[in-house]
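**Student:** The following comprises the amino acid sequence and a computationally predicted model.
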Amino acid sequence: MSQSLLYKSLFEVNILHHFFLNKGEQEWDKMSQEDKDKMESNYDIREIFDITPTPESIKSLSSHSCIFKKTSSGILVGIKAKPDQLNPGKFNSFVPLADNLTFRFLLRLKDLNFMNYTALPLKGNQGKIFVFSNSLNNTSNSFPALSAIPPVFKSGNTYMPGDILTDDSNNPTKLFTAFVKTGNNPTLSADWQTEIGNITTPLSYVNVNDSFPVANGFFTYTMKVKDAKPIATLKNSSGFTIQPKMEVLPGDFQTLQVDLLKYPQGIYSIHIDSDNPTYHDDVTFYLLQGSEIPFALIEIKVKSNQPAYNLFDQEDLLSPTFEIRFRNRKTHWKYIGKLFDSPYVLENPLPLTRYGNIEIMKPPEPEDTKTIMLPNPSVSLIKAEALIHTEEKKYYSEIHIN
């Protein structure tokens, strides 16, 4: 008896960026389905990212009868499949996939203005990579999100405009987004936008917990105190202790060098102790076996540590659609020009979006005879004085009017 063969979805990843999906102050998730469809018809993530499988994944896709396709919303991986004879409507892969098989995809930035309109830190990104995985370190994540749960507030930290926090690292119910530079607790301060998660208010956006320092074959760690010898314990993403070759380089501040060239690519954590009993440190990093450091990496494993993220139920395809969301940045709009005696700064920050105009009126003056509508800003420049000046709290979008 012959079997019919066809291709079915192994998995999809949709990348949603609200700079393109929102319309002015109208949020995409709260639109009618008709309006959502209109915004999606103009949306193409291929304008922002070039997404390609890693060389190893190209081989894995080919050897497992898979096909890779870029879509306007992300990526699709299909697989040659056959009907499950015992479960009508279900499908099995034609070529078996091992539980530990991992597909990896590189995301390279094409849009140089990306960080200007995306609510991510403007500083401290060098030497780091964003990693989105269905094998999650925090199993409190909610399907279909591939981004990590944001951090919680820590007293003594300074947060910049656009920084994202949550109320609980295990069971998040609220999202806090900083309006200005602040050290205030978001539950007690107007410095933060507070959102309660529900069907139209997602809590999963790309944030600092998705970003990792990169080790290219070798991991190095320099002690933060003088004359202290590092003592290291290294673990892989499964929590197993590994013992690679380590060398301590001399100096006032001793440096630990760990040789990881023979170890598989992925997330690792290292705990540092010392002959100084008060010294302890923990670092999580991404081991990248290659010279290029892309903006981001998507990792999809056949079997996750959270069942909702698996690609199979027993032998049957689940064909999940995962999701990565980027939040659009809000800035304080500053108008400069002959119409104003001094720069006019709007009291509240406003969202940057490609589509939709936010109506801003020129502030009234006694001699005004007509109302003047002010333009919205471009995203080509963000004035981030808050990063430099202690007394400055805002990020600005400047609009010059002659």
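**Tutor:** Received it, and whenever you're ready, just let me know what you need.

**Student:** Low-confidence ranges, the stretch 301-402 of the chain, go.
**Tutor:** Along the stretch 301-402 of the chain, the model assigns pLDDT under 70 to residues 364-370.

**Student:** Revised request: answer the last question for the chain.
**Tutor:** Applying pLDDT under 70 to the chain flags the ranges 1-5, 137-140, 364-370.

**Student:** ok, now how distant is the spatially closest residue to Leu352 that is not a sequence neighbour from Ser378?
**Tutor:** Using Cβ to Cβ, 6 or more residues apart in numbering and skipping the chain neighbours, the partner closest in space to Leu352 is Tyr117 (4.6 Å). From N, CA and C alone the C-beta is placed, and that goes for glycine too. From Tyr117 across to Ser378, the span is 10 Å (Cβ to Cβ, to the nearest Å).

**Student:** With Ala190 instead?
**Tutor:** Taken as Cβ to Cβ, the span from Ala190 to Ser378 is 28 Å.

**Student:** Tell me the helices and strands packed up against the longest strand anywhere in the chain.
**Tutor:** Using DSSP state E to define each element, the chain has its longest strand at strand 6-17. Packing contacts for strand 6-17, counted by 3 or more Cβ pairs under 8 Å, 6 or more residues apart in numbering; DSSP states H and E, involve strand 66-71, strand 74-83, strand 296-301, strand 316-317, strand 321-326.

**Student:** do you know which of the ones you listed lies nearest Thr390?
**Tutor:** strand 321-326 (29.4 Å; Cβ to Cβ).

**Student:** mind listing what's buried in that closest one?
**Tutor:** Going by neighbour count (16 or more other Cβ atoms under 10 Å), the buried part of strand 321-326 is 322-326.

**Student:** So what are the sheet partners of whichever helix or strand comes after that strand and their directions?
**Tutor:** Next in sequence after strand 321-326, counting helices and strands by DSSP states H and E, comes strand 330-337. Each strand paired with strand 330-337, and its direction, by DSSP bridges: strand 344-345 (antiparallel), strand 350-351 (antiparallel), strand 396-401 (parallel).

**Student:** Which of those strands has the highest mean neighbour count?
**Tutor:** Mean neighbour count (mean count of other Cβ atoms under 10 Å) peaks for strand 350-351 among these, with a mean of 20.

**Student:** now the helix or strand just after that one: how far from the chain's centre is it?
**Tutor:** Next in sequence after strand 350-351, counting helices and strands by DSSP H and E, comes strand 360-361. For strand 360-361, the gap between its own C-alpha mean and the chain's C-alpha mean amounts to 33 Å (Cα atoms, centre = their mean, to the nearest Å).

**Student:** For the helix or strand just after strand 360-361, name the packing helices and strands.
**Tutor:** Using DSSP H and E, the helix or strand that directly follows strand 360-361 along the chain is strand 373-374. Contacts defined by 3+ Cβ pairs under 8 Å, 6+ apart place strand 373-374 against strand 360-361.

**Student:** Show me what the strand it packs on is packed against.
**Tutor:** Applying 3+ Cβ pairs under 8 Å, 6+ apart, we find strand 360-361 packed against strand 373-374.

**Student:** Name the strands paired with the strand it packs on and say parallel or antiparallel.
**Tutor:** Strand 373-374 is paired, per DSSP bridges, with strand 360-361 (antiparallel).

**Student:** Identify the residues contacting the strand it pairs with?
**Tutor:** Under the criterion Cβ atoms under 8 Å, 6 or more residues apart in numbering, residues 333, 346, 371-376 lie in contact with strand 360-361.

**Student:** What is the nearest of those residues to Gln26?
**Tutor:** Asn376 (13.9 Å).

**Student:** neighbour count winner among Tyr117 and Ser378?
**Tutor:** Between Tyr117 and Ser378, Tyr117 has the larger neighbour count (other Cβ atoms under 10 Å), namely 24 against 13.

**Student:** just to revisit the earlier point, from the rest of the structure, what touches the longest strand of the chain?
**Tutor:** Residues contacting strand 6-17 (Cβ under 8 Å, 6+ apart): 28, 45, 48-49, 66-67, 71, 73-82, 91, 93, 105, 118, 132, 146, 298, 300, 311, 317, 319-326, 328.

**Student:** Equivalent analysis for stretch 96-110, please.
**Tutor:** By Cβ under 8 Å, 6+ apart, stretch 96-110 touches 13, 47-54, 56-57, 60-61, 64, 75, 77, 130, 265-266, 292, 294-303, 311-312.

**Student:** Weed out the non-buried ones from the residues you listed.
**Tutor:** Neighbour counting over those (16+ other Cβ under 10 Å) leaves 13, 48-49, 51-54, 57, 60-61, 64, 75, 77, 130, 265-266, 294-303, 311-312 as the buried ones.

**Student:** what's the spacing between Gln314 and Leu101?
**Tutor:** 16 Å.

**Student:** more crowded one of these two?
**Tutor:** Leu101 (16 against 9).

**Student:** Can you report phi and psi for the residue nearest to Leu352?
**Tutor:** phi -110, psi 10 (degrees, to the nearest 10).

**Student:** what about Tyr221, how many neighbours?
**Tutor:** Tyr221: 19 neighbours (other Cβ under 10 Å).

**Student:** Okay, and it sits in which element?
**Tutor:** Counting by DSSP H and E, Tyr221 is part of strand 218-222.

**Student:** Ok, Ile149 next?
**Tutor:** Going by DSSP H and E, Ile149 is not in any helix or strand.

**Student:** isn't it right next to Ser169, touching?
**Tutor:** Yes - between Ile149 and Ser169 there is a contact under Cβ atoms under 8 Å: 5.7 Å.

**Student:** more neighbours, the two?
**Tutor:** Using other Cβ under 10 Å, the more surrounded residue of Ile149 and Ser169 is Ile149, with 23 against 15.

**Student:** how is the chain carved up into domains?
**Tutor:** What automatic domain parsing lists as the domains of the chain is 6-145+294-326, 150-203, 217-287, 329-402.
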